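Q: Below are the sequence and a predicted model; questions follow.
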Amino acid sequence: MRALADWYFTAHPPIMHDLHEAQALMYTYSGAAPQNPNLDPILFAELPWFSNFELAQMTKWGMPGVYTHAFMDGWSPGYLGSVAYNHNGMMRMYETQSGREAGAGGAGAGGAGRGGRGEGGAGRGAEGGAAGATPGGEGGRGDALAAGRASGPPTGRGGGQPREWYRGLPIPPGAVANFSRRNNTNYMETGVLSALQLAASFPNLIVENFYQKTKNSIESGKKEAPYAFVIPVQRDMTKTAELVNILRIQRIEVGQAGAEFKTTDGTFPAGSYVIKRDQPYGRLAKNLLEKQSFPDPELRTYDDSGWTMGLAMLVDVKEIRDKAVLDVPTTAVDQVMVKGKITGTGTAALAVAHFGSNNMIALRYRLRNVPMKVAEKSFNANGVDFPAGSFVITGSTELSTARAAVEQLGLTGAALSSVPSVAMHEADAPRIAMYSSWTGTQEIGWVRFTFDRFGIPYDLIFKERLKQGNLRADYDVVVMPTQTATRQSVFQPPAVRPVPYMKGTKYRFLGIYGESPDITGGMGGEGVDAFAKFLDAGGTLIAMGDAVRFPADLGLARTVDASGTTSRDFYAPRPIVNAEIVRLDHPVFYGYADRNIPVKYLGGPLMSVGPSDQQGVLARYVGGEGAVLTGLMKGADEIRQRPFAIDVPGGYSGKGRVLLFSNNPVYRWQNHGEFNMVFNALLNWNDLAVGGPPAAATATATARH
């Protein structure tokens with residue numbers, strides 16, 4: 001995505017095309033309801049203009065199954081091609097039926113009909129499939145049926161009328177089953193050529209609209225509140241820097257105030273970042289930083305309903321409705337590099353404050369061979385308040401190296417003349433394995449990306465490594481990112497015909513990260529036994545998202561039950577909700593200052609624990625409509641007081657440790673405010689039992705806004 005954004009700002013194309021494979025036989029994006037109010041209304045007139053032209057052309061060429069309007073909405077700004085319409089251009093996007101190889105159950109070029117601008121397309125003579133297949137079927141997200149209400153938009157079919165109002169020619173019987181790769185290419189190529197034909201016919205109009213949308217964004221920032229967003233100087237400036245740098249990647253203009261300034265919305269110190277809205281991408285800034293108010297709980301959306309960056313990254317962002325903010329003098333920011341601060345001149349120890357920076361784990365692994373301890377209680381030194389979880393580094397030979405790393409990573413430290421007298425434990429840097437299934441690896445890839453970015457070393461392992469046994473000899477912690485890991489999937493037998501994933505003369509680049517003679521089937525009993533022995537030998541398992549089902553279903557997490565589900569009426573397309581930290585003193589929550597935090601709700605299993613493990617509940621959802629901070633959650637009472645972070649002794653002997661995070665704290669480089677739940681668990685993997693008793697349960701918790 002970063003590479004695409006960089007390319008976009010080199011070429012500045014008014015239109016970008018995003019090709020996907022999901023819908024039968026092809027869907028062309030038209031931006032249905034709900035539509036994001038921060039996107040220019042001109043865009044939502046352009047989208048059906050193009051999609052209807054493509055539909056008309058492909059219908060004229062005798063290509064069945066092409067449709068528009070009835071699948072994807074215009075709410076989320078987060079798709080690959082959104083880089084165009086987020087910056088006042090237009091996104092074209094197709095979802096095309098996946099093709100099969102000729103002779104492998106597909107018809108190949110047979111039944112071609114007229115087939116569009118290339119021979120071999122699935123034209124009027126195509127066969128197979130279910131006639132009149134509904135949009136959203138054959139892959140994709142038909143269960144959500146993104147555009148329209150929960151029951152889906154009316155099709156217009158009935159009686160002797162087989163036609164769907166949004167589709168040109170019906171899907172012939174058998175077309176889905178026999179759709180070839182040639183058909184797939186022909187459909188996409190014909191659609192793209194049709195879009196190019198329309199763009200070539202009206203180039204001046206397209207450029208004029210591009211200009212007008214940019215002008216409208218600037219004028220909106222001058223006339224409509226909020227006029228700006230301010231990111232004040234705050235305790236941890238590393239996540240602030242990351243947020244600002246993400247805005248700058250999108251070429252949103254950011255300034256830094258050189259002096260204190262006042263507005264009716266508050267007083268802000270020198271060094272605060274100011275994002276004024278009277279700029280070409282002011283609407284995008286508003287879209288990313290404001291609270292998302294979903295327009296209708298009966299509507300469905302294809303993707304996230306809430307993404308407010310300040311909440312997701314645990315960064316304080318202030319909305320400014322005072323127009324005078326547009327006159328605040330600032331210095332333009334290109335990229336933010338936070339330099340750490342170290343006070344004092346002592347040589348006995350270097351203390352590094354845990355203010356919630358995700359760079360604490362980067363520091364530990366950058367100085368992996370440097371002994372350091374973790375303070376279990378807060379202390380004050382050299383005028384700095386060091387919270388629990390802060391590092392203390394002793395040994396004069398290593399202090400200069402540590403000082404340099406602290407400054408490079410933007411952390412806060414103090415050179416001490418004496419070692420603090422608080423309780424501490426060793427900051428043992430664990431040997432980490434990351435377990436991955438062979439299917440559904442997208443979310444696992446985002447965790448790998450995050451670990452790589454913070455310099456956290458790990459081995460990627462699969463079921464083949466589990467069969468070798470003796471995990472504890474090589475690893476202290478196994479991280480299991482969200483993946484399907486239920487009892488049923490674990491014991492799923494291999495397919496009759498093996499599916500190898502091996503490097504060979506035909507596939508020279510497979511096997512770089514792992515190989516298997518057969519990727520089908522689950523880990524089986526051998527895999528479960530390997531995990532049980534790992535835990536019984538004192539290892540730690542960290543499970544995230546849907547993966548919490550694995551230790552819970554297989555009896556490796558004592559009384560934890562992760563089989564709970566919400567009702568059919570519950571609907572929560574990834575909002576951000578309020579959560580309550582029950583054990584603020586637990587090592588998992590070192591660096592968190594407030595008991596209430598925003599959490600990205602990703603629909604993980606609903607967990608519960610028996611009476612003997614209540615002390616293991618670390619955090620829970622507040623629940624209720626008032627706890628929905630941004631986006632949509634219909635039926636929010638269903639998650640009230642449900643734990644999402646649990647720490648219990650693990651394995652059959654209880655010598656190991658199992659941490660379960662059903663909230664998936666490492667999600668697509670978005671929820672930086674939750675990363676430290678996993679990072680802290682890694683840093684304190686063999687000292688998780690410190691801290692006091694859990695807080696008493698409360699019926700409600702103060703919401704964070």
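A: Thanks, I have it. Numbers count the residues shown, from 1 in each chain.
Q: Show me how this structure divides into domains.
A: 2-201, 224-332, 341-426, 432-683 (automatic domain parsing).
Q: any chance of those domains in JSON lines, plus distance to Ala689, mean pLDDT and mean neighbour count?
A: C-betas here are computed from N, CA, C, even on glycine. Formatted as JSON lines, those follow (distance: least, C-beta to C-beta, whole Å; pLDDT from 0 to 100; neighbours: other C-beta atoms under 10 Å):
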{"stretch": "domain 2-201", "distance to Ala689": "40", "mean pLDDT": "80", "mean neighbour count": "19"}
{"stretch": "domain 224-332", "distance to Ala689": "26", "mean pLDDT": "97", "mean neighbour count": "19"}
{"stretch": "domain 341-426", "distance to Ala689": "10", "mean pLDDT": "95", "mean neighbour count": "19"}
{"stretch": "domain 432-683", "distance to Ala689": "8", "mean pLDDT": "96", "mean neighbour count": "20"}
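Q: so can I have JSON lines of those domains showing distance to Lys215?
A: Formatted as JSON lines, the domains of the chain follow (distance: least, C-beta to C-beta, whole Å):
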{"stretch": "domain 2-201", "distance to Lys215": "9"}
{"stretch": "domain 224-332", "distance to Lys215": "9"}
{"stretch": "domain 341-426", "distance to Lys215": "38"}
{"stretch": "domain 432-683", "distance to Lys215": "29"}
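Q: what sits against Thr214?
A: Asn88, Pro280 (C-beta atoms under 8 Å, 6 or more residues apart in numbering).
Q: how close does it get to Arg657?
A: 54 Å (C-beta to C-beta, to the nearest Å).
Q: Tell me which stretches of the stretch 301-450 of the chain form helices.
A: 309-313, 359-366, 396-408, 442-453 (DSSP state H, counting those that start in this stretch).
Q: ok, now the stretch 451-600 of the chain?
A: Using DSSP H, counting those that start in this stretch, helices in the stretch 451-600 of the chain cover 463-468, 487-490, 524-536, 549-553.
Q: For Glu242, find the nearest of those.
A: helix 549-553 (31.1 Å; C-beta to C-beta).
Q: got the CA positions of the closest one in PDB?
A: Extracted C-alpha coordinates of helix 549-553, given in PDB (Å, rounded to 0.1, in the frame of the first residue of the first chain):
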ATOM      1  CA  ARG A 549     -10.400 -21.200  20.400                       C
ATOM      2  CA  PHE A 550      -7.400 -23.500  20.200                       C
ATOM      3  CA  PRO A 551      -6.200 -23.500  23.900                       C
ATOM      4  CA  ALA A 552      -9.800 -23.200  25.100                       C
ATOM      5  CA  ASP A 553     -11.300 -26.000  23.000                       C
END
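Q: what's next to it, contact-wise?
A: Residues contacting helix 549-553 (C-beta under 8 Å, 6+ apart): 480, 485-487, 490, 531, 541, 543, 556-557, 560-563, 605, 607, 650, 658, 660.
Q: before we move on, back to that, the helices of the stretch 451-600 of the chain into a markdown table, with extra columns for distance to Leu39?
A: Output for those, formatted as a markdown table (distance: least, C-beta to C-beta, whole Å):
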| stretch | distance to Leu39 |
| --- | --- |
| helix 463-468 | 44 |
| helix 487-490 | 39 |
| helix 524-536 | 47 |
| helix 549-553 | 38 |
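Q: quick one, which of the ones you listed is nearest to Val392?
A: helix 524-536 (29.9 Å).
Q: Give me the helices and strands touching that closest one, please.
A: Where contact means 3 or more C-beta pairs under 8 Å, 6 or more residues apart in numbering; DSSP states H and E, helix 524-536 is packed against helix 463-468, helix 487-490, strand 540-544, strand 656-661.
Q: mind listing the strands for the stretch 101-250 of the chain?
A: All strands of the stretch 101-250 of the chain, identified by DSSP state E, counting those that start in this stretch, fall at 228-231.
Q: quick one: the helices in it?
A: 181-201, 203-223, 238-249.
Q: got the angle between the second one and helix 181-201?
A: Following axes from the mean of the first three to the mean of the last three C-alpha atoms, to 10 degrees, one obtains 80 degrees for the angle between helix 203-223 and helix 181-201.
Q: Tell me the buried residues in helix 203-223?
A: Within helix 203-223, the residues scored as buried using 16 or more other C-beta atoms under 10 Å are Ile206, Asn209, Phe210, Lys213, Thr214, Asn216, Ser217, Ile218, Ser220, Gly221.
Q: closest to Ile275 among those?
A: In terms of C-beta to C-beta, no member of these lies closer to Ile275 than Gly221, at 9.9 Å.
Q: so the residue lying closest to Asn86 once chain neighbours are set aside, which of the three states?
A: Excluding the flanking residues, the one nearest Asn86 by C-beta to C-beta, 6 or more residues apart in numbering is Leu284, at 4.9 Å. The three-state label given to Leu284 by DSSP: H, G, I helix; E, B strand; the rest coil is helix.
Q: can you check the one 3 residues further on too?
A: Secondary structure of Asn287, reduced to three states by three-state DSSP: helix.
Q: I'd like the distance between Ser305 and Gly89.
A: 24 Å.
Q: sorry, back to before: got the helices and strands packed on helix 524-536 as CSV, with distance to Ile275 columns?
A: Formatted as CSV, the helices and strands packed on helix 524-536 follow (distance: least, C-beta to C-beta, whole Å):
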stretch, distance to Ile275
helix 463-468, 47
helix 487-490, 45
strand 540-544, 32
strand 656-661, 32
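Q: With respect to Thr267, which of those lies nearest?
A: strand 656-661 (37.8 Å).
Q: Need the contact partners of the closest one.
A: 534-545, 548, 551-552, 556-557, 560, 562, 588, 607, 644-651, 677-678, 681, 685-686, 688.
Q: Surely Met502 touches Gly511?
A: Yes. Assessed by C-beta atoms under 8 Å, Met502 is found in contact with Gly511 at 5.9 Å.
Q: number of nearby residues for the residue lying closest to Pro587 once chain neighbours are set aside?
A: Spatially, and ignoring its direct neighbours in sequence, Pro587 is nearest to Asn684 (3.7 Å; C-beta to C-beta, 6+ apart). Look at Asn684: counted by other C-beta atoms under 10 Å, it has 24 neighbours.
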